[in-house]
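Asks: I'd like to go over a predicted model; first the sequence, then the structure.
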Amino acid sequence: MTDINLRSLLETLGPKARDDLRRALIRDQADRDAISSRLTRYRDQNGNDWADIIDMLTM
C-alpha cells in the first residue's frame, strides 16, 4: 500500500472509525499485535488490510 493509497483510505473513514484507529495506534506494541492478530483471525481481506495499516502506521 502506498502513502497515497493509505491517505485516500484514511480520508474515507468516519469519525467513529478514525477514533477507533487512533485508539488502536496509541496502545503499546503488545496490544497492537493482539489487535492485528484478531483482525487476521478470520482470513478476511478487509481484516488483513487493516492489520497491515496498523503495522505500517506504527513503524
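Replies: Looks like it arrived, so ask away. Numbering: from 1, shown residues only.
Asks: Look at residue 1 and report its pLDDT.
Replies: pLDDT recorded at residue 1 is 59.
Asks: Check the one 5 residues further on too.
Replies: According to the predicted model, the pLDDT of residue 6 comes to 79.
Asks: tell me, how many neighbours does it end up with?
Replies: For residue 6, the count of nearby residues is 14 (other C-beta atoms under 10 Å). Glycine gets a C-beta too; all of them are placed from N, C-alpha and C.
Asks: and it, what element?
Replies: Residue 6 belongs to helix 3-11 when elements are defined using DSSP states H and E.
Asks: Distance from that helix to the middle of the chain?
Replies: Relative to its parent chain, helix 3-11 has a centroid offset of 12 Å by C-alpha atoms, centre = their mean, to the nearest Å.
Asks: Give me the contacts around the helix or strand just after that helix.
Replies: Once helix 3-11 ends, the next helix or strand along the chain (criterion: DSSP H and E) is helix 15-25. With C-beta atoms under 8 Å, 6 or more residues apart in numbering as the contact definition, helix 15-25 has outside contacts at 10, 13, 31-32, 35, 53-54, 57-58.
Asks: before we move on, what about stretch 48-59?
Replies: 1, 6, 9, 21, 24-25, 29, 32, 35-37, 39-40.
Asks: now the residues you listed: which count as buried?
Replies: 21, 24, 32, 35-36, 39 (16 or more other C-beta atoms under 10 Å).
Asks: Quick one: mean pLDDT over stretch 11-31.
Replies: Averaging pLDDT along stretch 11-31 yields 86.
Asks: okay, how far is it across that stretch, tip to tip?
Replies: Criterion C-alpha to C-alpha, to the nearest Å; first-to-last residue distance in stretch 11-31 is 25 Å.
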